[in-house]
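**Student:** attaching a predicted model along with its sequence, questions to come.
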Amino acid sequence: MSVEATDTLVVGAGQSGIAMSEHLSALGIPHIVLERSRIAENWRSMRWDSLVANGPAWHDRFPNLKFEDVHPDAFPAKDRMAQYFDDYATMIEAPIRTGVEVKHVKHSQGRPGYTITTSDGVFEARRVVAATGPFQVPSFPEIIPTDAPIDQLHSSAYKNPQQLAAGAVLVVGCGASGSQIAEELCKAGKTVYLSVGEHYRPPRAYRQRDYTWWLGALGLWDEVKSKRKKRHVAFAVSGYEGGRTVDFRRLAHMGVTLVGVTKAYEDGILRFEDDLKRNIAQGDEAYFEVLRDADAYIERKGMDLPPEPEAWQLLEDPACLKQPIASLDIRALNITTVLWATGFKYDFSWLDVDAFDEQGMPLHKRGVSAENGIYFLGLPDLTNRASAFIYGCWQDAKHIADHIVIQRNYDAYTR
């Protein structure tokens with residue numbers, strides 16, 4: 001069997017794999033990028049039709065290519081994002097091979113490096129970069145039995161309201177996906193219930209600056225001085241309809257009924273935790289903390305940005321917040337669909353190396369794993385808050401590429 005050899009093999013041709021390829025090429029490191037489907041496939045097939053980027057075009061991009069056809073303060077649509085990465089890969093002449101699935105990575109026997117079994121043959125590489133990102137396998141709690149009289153759908157499979165059966169919908173999850181989908185379904189005439197858990201709810205923009213700008217100005221991307229955020233907390237910010245702050249009170253006044261965390265299902269009854277008021281209050285506090293920090297920054301720097309007193313005003317609490325609902329009868333309320341906007345989990349089953357802890361999570365420091373020659377890229381908090389975002393993974397890729405250069409120098413050493 002013929003075996004193709006390269007120095008570094010990158011798995012995945014989304015934003016992380018393309019960023020990795022750019023830095024490897026700039027340093028003259030031979031490499032191949034393997035993608036099981038198409039470039040930026042998640043943007044194409046694991047997103048709903050109306051999705052836009054979470055950040056404005058001036059920010060959610062790589063440094064070396066602007067969106068020429070999108071206003072800098074606009075939020076590019078998902079198909080435009082996919083085209084951006086296609087264009088970028090062409091611009092840098094990335095050695096990407098699409099339609100090739102990596103099935104198994106293991107140590108090569110009797111020689112350095114790794115043997116990679118794929119759907120298109122066997123490769124050997126001194127180093128492997130897992131650039132598969134955070135959106136690998138849809139994740140949702142097994143609360144409702146599969147034989148229950150209700151459709152269950154993960155947000156990665158949702159496309160538009162017309163896709164769902166007639167009847168009411170429970171959306172579980174209040175991050176960017178859950179909040180946008182709940183609003184879209186409500187505007188389409190659906191009766192919508194939104195299960196709200198713990199979340200981080202910043203302003204979309206404040207005093208003529210987008211939140212991505214404030215993240216940079218206040219040092220929140222790097223998290224040097226800021227308080228560490230809770231793990232697995234939904235990030236409630238979006239670019240939906242030109243970019244508006246996620247406001248659960250506004251959604252409720254539109255007609256969305258808010259409930260607490262979904263905790264149980266039995267005989268057609270959905271039950272919720274008594275935590276809705278606390279979750280909303282904590283989200284409000286995070287929101288006001290950004291406003292306070294932004295005001296202090298503007299005063300300290302002497303910036304001429306007009307005050308925005310209306311940003312400090314909250315809408316009246318809706319009835320569902322004043323008296324939270326403890327349970328819902330799916331038959332009586334004609335709830336026919338539960339849409340799980342509950343995120344994703346990792347699947348590194350193809351990576352047969354000693355680079356994981358007891359829970360199967362990657363062991364690494366800034367993407368450099370515990371296993372020599374294995375790297376991770378695009379994961380949340382790989383380096384800091386920015387790591388799973390477009391501009392952040394580009395910076396992380398540069399660090400990993402520099403580390404690979406150092407390792408190549410060790411490999412080349414002779415006495």
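**Tutor:** Good, I have the coordinates. Because the structure is predicted, anything quoted here is derived from the model rather than measured.

**Student:** direction included, what does the lowest-mean-pLDDT helix or strand in the chain pair up with?
**Tutor:** Using mean pLDDT, DSSP states H and E, strand 234-235 stands out as the lowest-scoring helix or strand of the chain, at a mean of 88. Strand 234-235 has the following strand partners under DSSP bridges: strand 199-200 (parallel).

**Student:** helices or strands up against the lengthiest helix in the chain?
**Tutor:** Assignment by DSSP state H gives helix 276-301 as the longest helix of the chain. For helix 276-301, the packing partners by 3 or more Cβ pairs under 8 Å, 6 or more residues apart in numbering; DSSP states H and E come out as strand 199-200, strand 205-206, helix 211-217, helix 248-254, strand 257-259, helix 319-322. (Each C-beta comes from the backbone N, C-alpha and C, glycine too.)

**Student:** hmm, 10 Å instead?
**Tutor:** Judged by 3 or more Cβ pairs under 10 Å, 6 or more residues apart in numbering; DSSP states H and E, helix 276-301 is in contact with strand 199-200, strand 205-206, strand 209-210, helix 211-217, helix 248-254, strand 257-259, helix 319-322.

**Student:** turn those into JSON lines, including distance to His104, mean neighbour count and mean pLDDT.
**Tutor:** Formatted as JSON lines, those follow (distance: least, Cβ to Cβ, whole Å; neighbours: other Cβ atoms under 10 Å; pLDDT from 0 to 100):
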{"stretch": "strand 199-200", "distance to His104": "38", "mean neighbour count": "20", "mean pLDDT": "94"}
{"stretch": "strand 205-206", "distance to His104": "46", "mean neighbour count": "21", "mean pLDDT": "97"}
{"stretch": "strand 209-210", "distance to His104": "43", "mean neighbour count": "19", "mean pLDDT": "97"}
{"stretch": "helix 211-217", "distance to His104": "39", "mean neighbour count": "19", "mean pLDDT": "95"}
{"stretch": "helix 248-254", "distance to His104": "45", "mean neighbour count": "18", "mean pLDDT": "98"}
{"stretch": "strand 257-259", "distance to His104": "44", "mean neighbour count": "23", "mean pLDDT": "98"}
{"stretch": "helix 319-322", "distance to His104": "50", "mean neighbour count": "15", "mean pLDDT": "98"}
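
**Student:** same list (these) but as JSON lines, adding distance to Asp120.
**Tutor:** Putting the helices and strands packed on helix 276-301 into JSON lines (distance: least, Cβ to Cβ, whole Å) gives the following:
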{"stretch": "strand 199-200", "distance to Asp120": "42"}
{"stretch": "strand 205-206", "distance to Asp120": "46"}
{"stretch": "strand 209-210", "distance to Asp120": "42"}
{"stretch": "helix 211-217", "distance to Asp120": "39"}
{"stretch": "helix 248-254", "distance to Asp120": "47"}
{"stretch": "strand 257-259", "distance to Asp120": "48"}
{"stretch": "helix 319-322", "distance to Asp120": "53"}
